[in-house]
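# next comes the sequence, and after it the predicted model I'd like to discuss.
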Amino acid sequence: MAMKKVATSAINALANSGSPSVLTRQLHASPGSKKIVGVFYKGNEYYAKNPNFVGCVEGALGLRQWLESQGHRYIVTDDKEGPDCELEKHIPDMHVLISTPFHPAYVTAERIKKAKNLQLLLTAGIGSDHVDLKAAAEAGLTVAEITGSNVVSVAEDELMRILILVRNFLPGHHQVITGDWNVAGIAYRAYDLEGKTVGTIGAGRIGKLLLQRLKPFNCNLLYHDRVQMDPELEKEIGAKFEDDLDAMLPKCDIIVINMPLTEKTRGMFDKERIAKLKKGVLIVNNARGAIMDTQAVADACSSGHIAGYSGDVWNPQPAPKDHPWRYMPNQAMTPHISGTTIDGQLRYAAGVKDMLDRYFKGEEFPAQNYIVKAGELAPQYR
């Protein structure tokens, strides 16, 4: 029955798309054991400290017993780079690859060509730009993610970063560690959030949650998005839609990046656009590091044009030790952690299990979870 459903789905996709590659790859689905590979960060000694720490290699999203009891093979690793890495060994015969934005397995066109059995690429979390989506679409692969699984986690983190930058928190914390006490060295550039103009570029699930959380701070809230939100929700949140991004940006004391990485958004914040921002602007970016021109951000932080930059996304990831954002002034950067709280891990682990169960049964995924389906990219990635 599962095979029949998959075949029917593939034939329908072929009829709709006219692409023979879609049929070839989707009909590869067959009953029986599947090889599933998961790429996650290592938990090391921290894994034993929390039984709900499932997002690491050792936790394996809590899927091992369930998968192996059904006869599937489940390989989990953190080794994902280079021709001799562990992931590379399994590419030719794996059926499913699960990865996360926090320790992404970069799925290039070259890797897709080698993966003759590959049918499904699952992102445990949100954001599938680590996959060459065009190549995946051309190969007839399905790419999906666990939409909504960690939006609360990321929105809360963004609010925290805004407050850390506005209140000039980190220099004070460093004083405590180093045994100093210099109130003036903190207070001269510490402000209240109330009354500031905050603009989010992108008002999807995370952007909306952030705006809702900012409302009690009595800020002037602006947003730019390809789609204007429902007027009643807009009124409830108290946010104003800005159709022209370049007209919105100079108005903002604080800018938050909440859009996906696409060919259109890659390098969007270059030297020229940053120069047009208000001097002393604060920027929070938990979206993707490659939306920013790395050196342009570092230079603007050094000159003071950007008064503070915080985020957890880098280009590439993990960030090399000589990455300029590690050493630029007025930064509050961390590794990619905002969406991998324990609560977030439990949600995206449950979501992955549900998606795999649907995949084994030949059932459709929730529509909002598809990033590539039957050769077509989701609207936000087009």
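Perfect, I can see it now. Treat the numbers as computed from the prediction; the structure is a model and nothing was measured.
# going by C-alpha atoms from here, please, whenever you check contacts or count neighbours.
Will do.
# for P104, list the residues it contacts.
Applying C-alpha atoms under 8 Å, 6 or more residues apart in numbering, we find P104 in contact with 39-40, 130, 317.
# I337 too?
Residues in contact with I337, defined by C-alpha under 8 Å, 6+ apart, are 102, 312.
# helix, strand or coil for it?
What DSSP: H, G, I helix; E, B strand; the rest coil gives for I337 is coil.
# what's downstream of the helix or strand encompassing G344, the next helix or strand?
Using DSSP states H and E, G344 falls within helix 342-361. If you walk from helix 342-361 toward the C-terminus, the next helix or strand you reach (DSSP H and E) is strand 370-373.
# show me the strands in this structure, by range?
For the chain, applying DSSP state E gives strands covering 35-39, 73-77, 96-99, 120-123, 142-145, 197-201, 220-224, 239-241, 254-257, 281-285, 306-311, 331-333, 370-373, 376-377.
# who wins for proximity to K321 among those strands?
Comparing these against K321 with C-alpha to C-alpha, the closest turns out to be strand 331-333 (13.3 Å).
# near the closest residue to N220 other than its chain neighbours, how many other residues are there?
Distances taken as C-alpha to C-alpha, 6 or more residues apart in numbering put T197 closest to N220, at 4.5 Å, once the chain neighbours are dropped. Other residues near T197 number 16, with proximity taken as other C-alpha atoms under 10 Å.
# buried ones in the helix holding G344?
Buried residues in helix 342-361, counting neighbours by 16 or more other C-alpha atoms under 10 Å, are found at 343-353, 355-356, 359-360.
# any idea how far that helix is from the middle of the chain?
Here the centre of helix 342-361 is set off from its chain's centre by 17 Å, with C-alpha atoms, centre = their mean, to the nearest Å.
# repeat for stretch 141-150
Its chain's C-alpha centre and that of stretch 141-150 lie 10 Å apart, by C-alpha atoms, centre = their mean.
# picking up where we left off before, contacting residues for the residue nearest to N220?
For T197, the set of contacting residues under the criterion of C-alpha under 8 Å, 6+ apart consists of 219-222, 251-254.
# C-alpha coordinates for the helix holding G344, PDB please?
Extracted as PDB, the C-alpha positions of helix 342-361 are listed here (Å, rounded to 0.1, in the frame of the first residue of the first chain):
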ATOM      1  CA  ILE A 342      15.800  21.800  25.200                       C
ATOM      2  CA  ASP A 343      12.200  22.700  24.500                       C
ATOM      3  CA  GLY A 344      13.000  23.400  20.900                       C
ATOM      4  CA  GLN A 345      14.900  20.100  20.600                       C
ATOM      5  CA  LEU A 346      11.900  18.100  21.900                       C
ATOM      6  CA  ARG A 347       9.600  19.800  19.500                       C
ATOM      7  CA  TYR A 348      11.800  19.300  16.400                       C
ATOM      8  CA  ALA A 349      12.600  15.700  17.400                       C
ATOM      9  CA  ALA A 350       8.900  15.000  17.600                       C
ATOM     10  CA  GLY A 351       8.400  16.600  14.300                       C
ATOM     11  CA  VAL A 352      11.100  14.600  12.600                       C
ATOM     12  CA  LYS A 353       9.600  11.400  14.000                       C
ATOM     13  CA  ASP A 354       6.200  12.300  12.600                       C
ATOM     14  CA  MET A 355       7.700  13.200   9.200                       C
ATOM     15  CA  LEU A 356       9.600   9.900   9.000                       C
ATOM     16  CA  ASP A 357       6.500   8.000  10.000                       C
ATOM     17  CA  ARG A 358       4.600   9.700   7.200                       C
ATOM     18  CA  TYR A 359       7.500   9.000   4.800                       C
ATOM     19  CA  PHE A 360       7.500   5.300   5.600                       C
ATOM     20  CA  LYS A 361       3.700   5.100   5.100                       C
END
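# quick one: it to strand 35-39, angle?
Between helix 342-361 and strand 35-39, the angle formed by their directions is 160 degrees, by axes from the mean of the first three to the mean of the last three C-alpha atoms, to 10 degrees.
# quick check: mean pLDDT of helix 342-361?
Model confidence over helix 342-361, given as mean pLDDT, is 97.
# what's it in contact with?
Taking contacts as C-alpha under 8 Å, 6+ apart, the residues outside helix 342-361 that touch it are 2, 52-55, 61-63, 122, 124-125, 146, 149-150, 153, 339, 364-365.
# ditto for stretch 86-103
Outside stretch 86-103, the residues that touch it by C-alpha under 8 Å, 6+ apart are 34-41, 77-82, 105, 111, 114-128, 130, 317-318, 336-337, 340.
# G172 and W181, how far apart?
Note on G172: its distance to W181, by C-alpha to C-alpha, to the nearest Å, is 8 Å.
# over to R205?
41 Å.
# swap in D253?
Spatial separation of D253 from W181 under the definition C-alpha to C-alpha is 28 Å.
# so for these two, which sits in the more crowded spot?
Residue environment comparison for D253 versus W181 gives the larger neighbour count to D253, 22 against 12, counting by other C-alpha under 10 Å.
# list the contacts for V284?
By C-alpha under 8 Å, 6+ apart, the contact list for V284 reads 158, 161-162, 254-257, 309-311.
# let's see that with 7 Å instead.
Neighbour list for V284: 158, 161-162, 255-257, 309-311 [criterion: C-alpha atoms under 7 Å, 6 or more residues apart in numbering].
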